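Asks: Show me the folded form of this:
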Amino acid sequence: MNTITIQVEDRNVMSGLIKVLKSMNGVVILPIHNNKKSGIEEAMDDIRHGRVTEYKDADEMFEKLGI
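Replies: Reported below is the predicted structural model:
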């Protein structure tokens, strides 16, 4: 089976295209799950999983980085 991905910005065009595709034999339309996180979601995930480093001030950060 071949997979074709079509990106459509206009909802009206998209709904018309889906109707046409559904009427064709052998065409299966699969839902796409968008698992991409936004920037804030990625940041919150980093905090939850301890992937952050905290410093009391810039001097402490530079000292720990060896600068």
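
Asks: quick one: the least confident helix or strand in the chain by mean pLDDT to chain centroid distance?
Replies: Comparing every helix and strand of the chain by mean pLDDT, DSSP states H and E singles out helix 11-22 as the least confident one, with a mean of 88. In terms of Cα atoms, centre = their mean, to the nearest Å, the centre of helix 11-22 is found 24 Å from the chain centre.

Asks: same check, this time on stretch 60-67
Replies: Centre-to-centre, stretch 60-67 and its host chain are 34 Å apart (Cα atoms, centre = their mean).

Asks: can I get the CA coordinates of that stretch in CSV?
Replies: Provided in CSV are the C-alpha atoms of stretch 60-67 (Å, rounded to 0.1, in the frame of the first residue of the first chain):
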residue,chain,number,x,y,z
GLU,A,60,27.5,30.7,40.0
MET,A,61,26.6,29.6,36.5
PHE,A,62,29.9,30.8,35.0
GLU,A,63,31.8,29.2,37.8
LYS,A,64,30.1,25.8,37.3
LEU,A,65,30.7,26.1,33.5
GLY,A,66,34.4,26.9,34.1
ILE,A,67,34.2,30.3,32.4
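
Asks: helix/strand/coil for the most centrally placed residue in the chain?
Replies: Most central in the chain under Cα atoms, centre = their mean is Lys36, positioned 1.5 Å from the mean C-alpha point. Lys36 falls in the coil class when you classify it by DSSP: H, G, I helix; E, B strand; the rest coil.
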